[in-house]
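> kindly generate the corresponding structure for this input.
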Amino acid sequence: MCGLIAIFDPSGVVRSDAETSLGMLKHRGPDAQGYKLYKNDRLFLGHARLKIIDRSQTANQPYISPCGEYTIIYNGEIYNYQEIRDEIGLRWNWSTRSDTEVLLAAWCLWGADCLKKLVGMFAFAVYDNTAGKVYLARDRFGIKPFYFSRNIESGQWIAASEIPPILYTRRSASENLSTIRDYLEYGLYDHTHHTFFRHIYSVGAGGLIEIDLSTGTWADSKWYRVTENIPDLSKATDEEIYQTASTLIEQAVKSNLIADVDVGLNVSGGVDSSMLVRMAVEQLGAAHLFTQDYEGYSELPWVNEISQGGDLHVASLTSEMIYTSILKTTRDQAEPFGGVSVCGYNFTYELARKNNVTVLLDGNGVDETFLGYKRYHQQYIQSSSTDSEYRSREQEYFLFWGEKYKAAAVGEAIDGSRGVRPEAISPSLLHEPGLSSCVPTYFGDPVKQAAAVDLLHNKIPRGLRFNDRVSMAHSRELRVPFLDHRLVEFAFAIPTEKLIGGKGTKRIFRDILAKRGGAEVAYCPKRSVQSPQREWIAKDWRPWIENILVSESFRSRNWVCPDKAGQLYNAYLNGDQDNSFYIWQWLNLELWAREYLD
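Predicted coordinates:
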């Protein structure tokens, strides 16, 4: 895991400024920093390295091809790099054992076609000196971050792993009101290529940008779409589907364990973590496990149950600990983030650092691909084609979840509560165009469609951003094996009725875990990871929040009606506490604005 930055300025890059921008990424790559200047000092390619594979100095970046015509700066891991290296063989004069060199060799031989061969997470820039072009590429699901900003009039542009170096180079920051509206109205963020800053965008997941330095023209294309890669399982038997899914899960976890440093796991007490632990411990023999724990919301009984074969490290968190980390997390994220649990990861990654664990695996992605959420089950009932089918599915829902079926309302949180309060948005902000209408239709099946939207727009993109920033703030690499594209594609091909039914949601995933000895966890209903955020917002943090809501800066931004916010907060204090996200939104937006706009 690393940090990269590319700057092009037709009038010449100011070296000291570029060096400062690169230095702002040192937390992403504390082991080595370097840069190259090209095009008479008009193009700067900088890299900050966290050494994971081939920790020798020869694998440092920027990495230049033997012919001298290509230079790469790269962030991520290519898990099948050894297989690609074997395929290339003697067509390349190898000088390292790194995946970086394999990636550059693949680009030199096959160009952008090499992207389809890659298994892993990546963001990289390649400079082709002969063609006078720079290529910016990002992995299929946007696991690794990549941002850019360009000034069309001057021809200057900058691309980087994080936003702060871009802000430093631009010398200005202003808010994107359309993004803020979507955030407050729908709770959506990281759902488009727009950020919370005007004129700063993310390279799209599965995206490729070709920049001609001579003409200043940009060509933006999509090299990967999950819907174009779904296999046909119409003739597959249940046993074949089960066996293939089991093989792909095992393959995904095994490939993500490749490293020349110690590897650990982020865990909770659920099904996904249990599978991750069992698969990883089978390969490693033992593993360091890290988890957050909150009094009154402890998952330790379940975590202890799944952690056999692992050395468990627990971050026991209090309101004061989280409070002291909120401003740091705001700076690290550079955009509004999801709440208390994101702050809590600061403490688990600090435990990982103290135990010399550089790489951690996380269970993200299973619910979106194997249809794990309760609302997917609700939509499955709604999609029934006959009355008898409806009643049968309704009964299965009751037997698994222990409650009567109720149709999910639009905008509901996972637990069925209402997370946003659009009635508090200021009238002037409502005049700004929203961005939420950009979501395309991926599947005719409404359950698969909802899952695809969560995977590609709503839940996973923002979760990946939260996790990347907080892990890299502590120079830890986070990997998400269940987002291996081969597994995702296969899971989306499995008929919905084979994943949702009498055993609840993500049935095949649960069956695989049960057969591997985890039956006691496998068929438990999903539990949302909880923290005492609601209580802390009502009690421990009340004076702080009240001061923010009546502050002149909060009022003058004119994003939220302060009087309406005050009324809603008073209602919250008086017991309307099913969901605290909307209060967190107001708080988080104001802290972000003070840090980055003021």
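> other residues contacting the helix or strand of the chain with the lowest mean pLDDT?
The weakest-scoring helix or strand in the chain, judged by mean pLDDT, DSSP states H and E, is helix 519-522 (a mean of 85). Helix 519-522 is contacted from outside by 269-271, 274, 302, 305-306, 510-511, 513-514, using Cβ atoms under 8 Å, 6 or more residues apart in numbering. (C-beta placed from N, C-alpha, C; glycine too.)
> filter those down to the buried ones.
Neighbour-count burial (16 or more other Cβ atoms under 10 Å) applied to those gives 269-271, 274, 302, 306, 510-511, 513-514.
> thinking again about what came up before, going by neighbour count, which residues in the least confident helix or strand of the chain are buried?
Buried, per 16+ other Cβ under 10 Å, within helix 519-522: 521-522.
> circling back to that earlier point, now flag whichever of the contacts of helix 519-522 is closest to residue 431.
Nearest to residue 431 out of the contacts of helix 519-522 is residue 270 (Cβ to Cβ; 42.6 Å).
> that closest one against residue 523, yeah?
No - Residue 270 is beyond contact range of residue 523, at 11.9 Å (criterion: Cβ atoms under 8 Å).
> just the C-alphas of the host helix or strand of residue 534, formatted as PDB.
Remark: residue 534 resides in helix 533-538, with elements defined by DSSP states H and E. Output of helix 533-538 as PDB, limited to C-alpha atoms (Å, rounded to 0.1, in the frame of the first residue of the first chain):
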ATOM      1  CA  GLN A 533     -23.100   6.700  19.300                       C
ATOM      2  CA  ARG A 534     -26.800   7.400  20.000                       C
ATOM      3  CA  GLU A 535     -26.300   7.600  23.800                       C
ATOM      4  CA  TRP A 536     -23.100   9.700  23.500                       C
ATOM      5  CA  ILE A 537     -24.800  12.200  21.200                       C
ATOM      6  CA  ALA A 538     -27.600  12.500  23.700                       C
END
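> what about the very next helix or strand once past it, distance to the chain center?
Note on helix 533-538: by DSSP H and E, the next helix or strand toward the C-terminus is helix 542-549. Relative to the centre of its chain, helix 542-549 is centred 30 Å away, using Cα atoms, centre = their mean, to the nearest Å.
> also stretch 167-174?
24 Å.
> residues in contact with that stretch?
The list of residues contacting stretch 167-174 from outside it, by Cβ under 8 Å, 6+ apart, reads 7, 17-18, 20-21, 24, 149, 158, 197-200, 596-597.
> any stretches of this structure with poor pLDDT?
Residue ranges of the chain with pLDDT under 70: 409-416, 437, 529.
> just give me the longest helix of it.
helix 238-256 (DSSP state H).
> C-terminal to that one, which secondary structure element comes first?
Immediately after helix 238-256, counting by DSSP H and E, sits strand 263-266.
> direction included, what does that next one pair up with?
strand 287-294 (parallel), strand 359-361 (parallel) (DSSP bridges).
> quick one: which of those is nearest residue 93?
Across the strands paired with strand 263-266, the minimum distance to residue 93, taken as Cβ to Cβ, is reached by strand 359-361, at 29.3 Å.
> next SSE downstream of the closest one?
Next along from strand 359-361, by DSSP H and E: helix 366-369.
> please state the offset of stretch 490-505 from the chain centre?
24 Å.
> who's in contact with it?
Against stretch 490-505 from outside (Cβ under 8 Å, 6+ apart): 226, 230-233, 238, 241, 244-245, 248, 367, 369-374, 376-377, 380, 393, 396, 399-401, 443, 445, 447-448, 451-452, 506-511, 523, 525-526.
> let's go with 6 Å and repeat that
Contacts with stretch 490-505, where a contact means Cβ atoms under 6 Å, 6 or more residues apart in numbering, come from 230-231, 233, 248, 369-372, 377, 380, 396, 400, 445, 447, 506-507, 510, 523.
> in strands only, show me those residues.
Among these, DSSP state E puts none in strands.
> just the buried ones from those residues?
230, 248, 369-372, 377, 380, 396, 400, 445, 447, 506-507, 510, 523.
> residues contacting the residue most central in space within the chain?
For the chain, residue 464 is the residue whose C-alpha lies nearest the centre (Cα atoms, centre = their mean; 0.8 Å). Listed by Cβ under 6 Å, 6+ apart, the contact partners of residue 464 are residue 143.
> if you set the cut-off to 8 Å instead, what comes out?
Applying Cβ under 8 Å, 6+ apart, the residues near residue 464 are 141-143, 145, 190, 364, 480.
> just give me the closest of these to residue 219.
residue 142 (19.4 Å).
> quickly find the element holding residue 428.
helix 427-430.
> mind listing what's buried in that helix?
Residues residue 429 are the ones in helix 427-430 that count as buried (16+ other Cβ under 10 Å).
> ok, which stretches of the stretch 301-450 of the chain are helices?
Counting by DSSP state H, counting those that start in this stretch, the stretch 301-450 of the chain has helices at residues 319-333, 340-354, 366-369, 374-382, 387-401, 427-430, 446-453.
> please apply the same query to the stretch 1-150 of the chain.
15-23, 81-88, 99-110.
> same question for the stretch 151-300 of the chain.
Using DSSP H, counting those that start in this stretch, helices in the stretch 151-300 of the chain cover 164-170, 177-186, 238-256, 271-284, 300-306.
> can you list the residues that contact the longest one?
In other words, helix 238-256. Looking at what lies outside helix 238-256 - Cβ under 8 Å, 6+ apart - the contacts are 79-80, 119, 233, 236, 275-276, 279-280, 283, 361, 479-482, 484, 486-487, 490-491, 494, 498, 508-509, 511-512, 515.
> report the angle between the axes of that helix and helix 81-88?
90 degrees (axes from the mean of the first three to the mean of the last three Cα atoms, to 10 degrees).
> one more: the fourth one?
Using the same axes, to 10 degrees, the interaxial angle of helix 271-284 with respect to helix 81-88 works out to 60 degrees.
> now helix 271-284: buried residues?
Here helix 271-284 shows 271-281, 284 as buried, counting by 16+ other Cβ under 10 Å.
> can I get the contacts of helix 519-522 in a markdown table with distance to residue 109?
Shown next, in a markdown table, are the contacts of helix 519-522 (distance: Cβ to Cβ, whole Å):
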| residue | distance to residue 109 |
| --- | --- |
| 269 | 46 |
| 270 | 43 |
| 271 | 42 |
| 274 | 41 |
| 302 | 48 |
| 305 | 49 |
| 306 | 44 |
| 510 | 43 |
| 511 | 42 |
| 513 | 40 |
| 514 | 45 |
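> mind listing what the residue nearest to residue 450 when sequence neighbours are not counted touches?
The spatially closest residue to residue 450, leaving aside those adjacent along the chain, is residue 379, at 5.8 Å (Cβ to Cβ, 6 or more residues apart in numbering). When contacts are counted by Cβ under 8 Å, 6+ apart, residue 379 is found next to 408, 446-447, 450.
> repeat for residue 370
Residues near residue 370 by Cβ under 8 Å, 6+ apart: 491, 494, 499, 505-506, 508-509.
> what bridges to residue 135?
The partner residues for residue 135, given DSSP bridges, come to residue 126, residue 210.
> residue contacts, residue 147?
Applying Cβ under 8 Å, 6+ apart, the residues contacting residue 147 are 159-163, 166, 195, 200-203.
> residue 204 and residue 5, how far apart?
Going from residue 204 to residue 5 by Cβ to Cβ, to the nearest Å gives 19 Å.
> same deal with residue 422?
Noted for residue 422: a distance of 37 Å to residue 5, by Cβ to Cβ.
> these two - which one has more neighbours?
Between residue 422 and residue 5, residue 5 has the larger neighbour count (other Cβ atoms under 10 Å), namely 27 against 13.
> thought residue 36 was touching that one, still the case?
No - between residue 5 and residue 36 there is no contact under Cβ under 8 Å: 11.7 Å.
> hey, what's in contact with both of these two?
44-45.
> thought residue 175 was touching residue 593?
Yes - contact between residue 175 and residue 593 holds when scored by Cβ under 8 Å: they sit 7.0 Å apart.
> follow-up on the earlier one: would you list the buried ones among the contacts of helix 519-522 in JSON lines and tack on distance to residue 263?
Shown next, in JSON lines, are those (distance: Cβ to Cβ, whole Å):
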{"residue": "269", "distance to residue 263": "21"}
{"residue": "270", "distance to residue 263": "20"}
{"residue": "271", "distance to residue 263": "21"}
{"residue": "274", "distance to residue 263": "18"}
{"residue": "302", "distance to residue 263": "23"}
{"residue": "306", "distance to residue 263": "17"}
{"residue": "510", "distance to residue 263": "25"}
{"residue": "511", "distance to residue 263": "27"}
{"residue": "513", "distance to residue 263": "21"}
{"residue": "514", "distance to residue 263": "26"}
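> alright, that wraps it up for me.
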